[in-house]
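Asks: Fold the following.
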Amino acid sequence: MTKRGIIEELLARRERCSHRESETIVNAMFEAMAGVLERGRRIEIRGFGSFGVKHRRARQGRNPKTGDVVAVAAKRIPFFRAGKYLKVEVNGAADSAQARSA
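Replies: Residues are numbered from 1 along each chain as shown. Below is the predicted model:
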C-alpha cells in the first residue's frame with residue numbers, strides 16, 4: 001500500500017473528510033513519526049509494532065566493482081519491529097495456534 005492508498009482508505013472510512021484534509025492528516029502523521037525518529041526516540045503503537053533507530057558504527061567496506069577498500073561512515077538506520085497482534089493477524093489464527101502447541 002502506498003501513501004495514496006492510505007489517504008484513499010481514510011477517505012473511505014471518514015466520508016466527512018475531504019481529500020485535502022485526509023492528505024493533511026496522513027502527511028502530518030508521517031512528519032510527526034519522522035521527527036520522533038530523527039531525534040533518536042522510539043515509537044510504540046500497541047498491538048501494531050514499534051519503530052526505532054539503530055546506530056551503525058563506522059566501518060570499512062569494499063567497492064564490489066573494483067574490490068577497493070572504502071570507508072563507510074557511521075549512520076542511523078530506522079527499523080520496524082512487528083507487534084504480537086500484528087504477527088497473529090498476518091499469519092492467521094490457525095498458524096499462531098500451531099506455534100503455541102509446538
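
Asks: Quick one: residues contacting the closest residue in space to F51 that isn't next to it in sequence.
Replies: Nearest non-adjacent residue to F51, counting by Cβ to Cβ, 6 or more residues apart in numbering: I43, 4.2 Å away. The C-beta positions use only the backbone N, C-alpha and C, and glycine is treated the same way. The contact partners of I43, taken as Cβ atoms under 8 Å, 6 or more residues apart in numbering, are M33, V36, L37, S50, F51, G52.

Asks: List buried residues within these.
Replies: Buried by 16 or more other Cβ atoms under 10 Å: L37, F51, G52, out of the contacts of I43.

Asks: Kindly list the main-chain dihedrals of the last one?
Replies: Here the main-chain torsion angles of G52 (degrees, to the nearest 10) amount to phi -150, psi -180.

Asks: quick revisit: for the contacts of I43, give me JSON lines that also has secondary structure, pLDDT and distance to R20.
Replies: Listed next are these as JSON lines, based on DSSP: H, G, I helix; E, B strand; the rest coil; pLDDT from 0 to 100; distance: Cβ to Cβ, whole Å:
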{"residue": "M33", "secondary structure": "helix", "pLDDT": "96", "distance to R20": "21"}
{"residue": "V36", "secondary structure": "helix", "pLDDT": "96", "distance to R20": "25"}
{"residue": "L37", "secondary structure": "helix", "pLDDT": "95", "distance to R20": "26"}
{"residue": "S50", "secondary structure": "strand", "pLDDT": "97", "distance to R20": "31"}
{"residue": "F51", "secondary structure": "strand", "pLDDT": "97", "distance to R20": "27"}
{"residue": "G52", "secondary structure": "strand", "pLDDT": "96", "distance to R20": "32"}
